[in-house]
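Visitor: got a structure for you, letters missing:
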DNA sequence: ATCGATTATGATAGCGCTATCAAAAAGACT
DNA sequence: AGTCTTTTTGATAGCGCTATCATAATCGAT
């Protein structure tokens, strides 16, 4: 008696009820199916009807419920982006490209952090894809170069695009630059500038891209008839700290190179520090070139000469491939983008030219 | 006759059929409802039954379909993260924290690029949230300081958390540091090191955080009885390029400061370049301090003294608040994290102390 | 006009899961 | 054993949309 049963209770404040497709259909005097067709941009709707439906949608602020759409069609407007190493500038670029394209296509990017442990990648990825009913997957390095991941993903019946893998793989579409060629050309540039004593900071030994970069360097040196001094070739992990350490090692040798090619810009940054600490001026005493054109390249002084890969365009292309509903052209392709050698201020001709024996 | 009707046809290669909940239910000899309860971790399931169901799930590799779950429950395991300015190191940190937490909670982060045009933000955000049935929203700067966005989002009936807003707002939960206090303490540190001629590079005039940082600087100067020389106070946009320009302006004055406080690390990096170009050594001729501890802070040489805000922890906390289903404690809170002044190598005592008249 | 070929629209039946409420089973007491 | 709680389980009815197939409308071309 004292307690008056409150009629609102039920589902309470769950969510302010959005208009549903049925409402649109009634107001526009068509069936839901026609509304659905308009929503999905199907071609076989009479222009007049289409306009009426579109107007109605706009008028009542209809928003399709993506869960329902996806349940009914087994397709989500989501593109998965699993990755590690999120602090790198690479991710930022990738996202700019990917998001600008998903935006146009009405899709979204679903991010997923990967385990630290590479052996978990494949299994996690499968769970991720299955649960979220992704329509596609963007595979950045190092995932795109992991055999177990590729094997697992290839069985998943979704469109995956590998972004900057080091080499093509028949089962997948790749968007990439020719890293080997880029490293080759950068080395040629160094040589053309009069350098013959050139050091190289390798990336992680187990990353294919890192290997290709070194291979390109090797080819250019060999072609030019220059010896490679192995005391000037060191390995790092694509981060500045270790690069600085090994850089100091190289620069404190009695005979040191006039130029060093770092496998990426972060390592080049480490090298800058090493040079400054050793009392060497860039580029007078030492030329440094990098790879990737990370944001840091222009923050450094002098600005870093490096190789630019158009990650933004590559990511956008990758998304547009996934978004292409055309469906019947699921042919994996190898799309090679042009790279660019950005001549900035960290490369100059050496003061004296010499070729030491390796 | 000639044409043998092929029974497979129908839905063709759509997707390799994953086991459904019904299969689990049958195999475990329970109803789907019980399976659903186990899946959702409800408490009222007999331990024995729960184990049987869990075993069955594992055995047949059951993966719940998140679209179906979300349609039935009007809840997606997605946290929206709208943002601009994706190249900043800030985003990387934010993602590390957010993703490590979503991972634990079985949720995902849905990224969305915002329009370049701030006046579109609110409307876009509403569409984004409604369509994707987000369970929460992370609002990083500058979105978290935009009144129209806050107004729109507050009506949306979803959990939103503002990440590093410049001040608290009663309608929302905030995770942040006290930027005013941090800037104040950093300035005190500068003063304690013997600097009295201190310049300041402001951030964008319209960002509240940037304003607070300057206010903290002002307070410390005033308290110490030091005059502010307005020729040493310039505005930038949180990016290195313009900072370098205005930095050169300040450093080429006849009377220049012995230290400059940049509103963020990117601007500090621009200042490094300006100093080097002007022939000044850091920190001998000029001390520089930054704010944010972006990745570049340790790539610079000498390493940058700066303020660290624990973005990773803040983002993780934000996600865990959204994930907290407890529901009946929707009280917005203002969670202040401790900042840290990272003493590195870009700050030293000035060679000579003087106080010029403003 | 009349017929087939096309194009536009609609009725129906789920997609895979959860909310709801009712029923059954298991304890806690006389 | 019998009654009353409390815990555990199940049957049913959608969530909001799309696939599918059938029907109706439209259009040429005879």
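Guide: Thanks, I have the structure now. Because the structure is predicted, anything quoted here is derived from the model rather than measured. Numbering: from 1, shown residues only, chains lettered A, B, ... in the order given.
Visitor: quick one, phi psi at residue A:341?
Guide: Dihedral pair for residue A:341: phi -90, psi 120, per degrees, to the nearest 10.
Visitor: Count the residues that sit near it.
Guide: Per other Cβ atoms under 10 Å in any protein chain shown, the neighbour tally for residue A:341 reads 18. Where C-beta positions appear, they are placed from N, C-alpha and C, glycine not excepted.
Visitor: quick one, what contacts it?
Guide: By Cβ atoms under 8 Å, 6 or more residues apart in numbering or on different chains, the contact set of residue A:341 is A:182, A:185, A:186, A:189, A:305, A:306, A:307, A:308.
Visitor: If we use 6 Å, what do you get?
Guide: The contact partners of residue A:341, by Cβ atoms under 6 Å, 6 or more residues apart in numbering or on different chains, come to A:186, A:189, A:307.
Visitor: residues contacting residue A:266?
Guide: A:238, A:239, A:240.
Visitor: ditto for residue A:204
Guide: Counting by Cβ under 6 Å, 6+ apart, residue A:204 has contacts A:210, A:237.
Visitor: Look at it and give its secondary structure.
Guide: Here residue A:204 is recorded as coil under DSSP: H, G, I helix; E, B strand; the rest coil.
Visitor: Report the separation between it and residue A:210.
Guide: Using Cβ to Cβ, to the nearest Å, residue A:204 is found at 5 Å from residue A:210.
Visitor: Are there residues contacting both of these two? Which ones?
Guide: By Cβ under 6 Å, 6+ apart, no residue touches both residue A:204 and residue A:210.
Visitor: Considering the contacts of residue A:266, which possesses the most neighbours?
Guide: Going by other Cβ under 10 Å, residue A:240 tops those with 29 neighbours.
Visitor: Could you pull up the residues touching it?
Guide: Taking Cβ under 6 Å, 6+ apart, one finds A:266, A:269, A:270, B:299 in contact with residue A:240.
Visitor: Output the lowest mean pLDDT helix or strand found in chain A.
Guide: In chain A, the helix or strand scored least confidently by mean pLDDT, DSSP states H and E is helix A:296-299, which has a mean of 85.
Visitor: And it, what does it pack against?
Guide: Counting contacts by 3 or more Cβ pairs under 6 Å, 6 or more residues apart in numbering or on different chains; DSSP states H and E, helix A:296-299 is packed against helix A:265-278.
Visitor: Let me know whether the next helix or strand after the helix it packs on sits next to chain B.
Guide: With elements assigned by DSSP states H and E, the helix or strand that comes after helix A:265-278 is strand A:287-289. No. Judged by Cβ under 6 Å from any Cβ of the partner chain, strand A:287-289 makes no contact with chain B; its nearest approach is 12.9 Å.
Visitor: so what does strand A:287-289 touch, helix or strand wise?
Guide: strand A:259-262.
Visitor: State the distance from residue A:213 to chain B.
Guide: Using Cβ to the nearest Cβ, to the nearest Å, residue A:213 is found at 20 Å from chain B.
Visitor: Hmm, that residue is touching residue A:263, no?
Guide: Yes. Contact status for residue A:213 versus residue A:263: in contact at 5.1 Å, counting by Cβ atoms under 6 Å.
Visitor: Restricted to helices, list the contacts of residue A:341.
Guide: Counting by DSSP state H, these place A:186, A:189 in helices.
Visitor: got CSV for the contacts of residue A:341, with distance to DNA strand D, pLDDT and neighbour count too?
Guide: Conversion of those to CSV gives the following (distance: Cβ to the nearest atom of the strand, whole Å; pLDDT from 0 to 100; neighbours: other Cβ atoms under 10 Å in any protein chain shown):
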residue, distance to DNA strand D, pLDDT, neighbour count
A:186, 48, 98, 24
A:189, 52, 98, 18
A:307, 43, 97, 25
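Visitor: would you turn the contacts of residue A:341 into a markdown table with distance to DNA strand C?
Guide: Converted to a markdown table, these look like this (distance: Cβ to the nearest atom of the strand, whole Å):
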| residue | distance to DNA strand C |
| --- | --- |
| A:186 | 51 |
| A:189 | 56 |
| A:307 | 47 |
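Visitor: which one is the residue nearest the centre of chain A nearest to, not counting chain neighbours?
Guide: Nearest to the geometric centre of chain A sits residue A:94, at 4.1 Å (Cα atoms, centre = their mean). Leaving aside its chain neighbours, residue A:94 sits nearest to residue A:315 (4.7 Å; criterion: Cβ to Cβ, 6 or more residues apart in numbering or on different chains).
Visitor: Could you do residue A:82 as well?
Guide: Residue A:82 sits nearest to residue A:112 (Cβ to Cβ, 6+ apart), 4.5 Å away.
Visitor: Let's verify that neighbour: helix, strand, or coil?
Guide: strand.
Visitor: what's the burial count for it?
Guide: Close neighbours of residue A:112, defined as other Cβ under 10 Å, add up to 21.
Visitor: coming back round to it: just the contacts of residue A:341 that are near chain B?
Guide: Applying Cβ under 6 Å from any Cβ to the contacts of residue A:341, one finds that nothing falls near chain B.
Visitor: how about stretch A:306-324: buried residues?
Guide: Within stretch A:306-324, the residues that count as buried by 16 or more other Cβ atoms under 10 Å in any protein chain shown are A:306-312, A:314-319, A:321-323.
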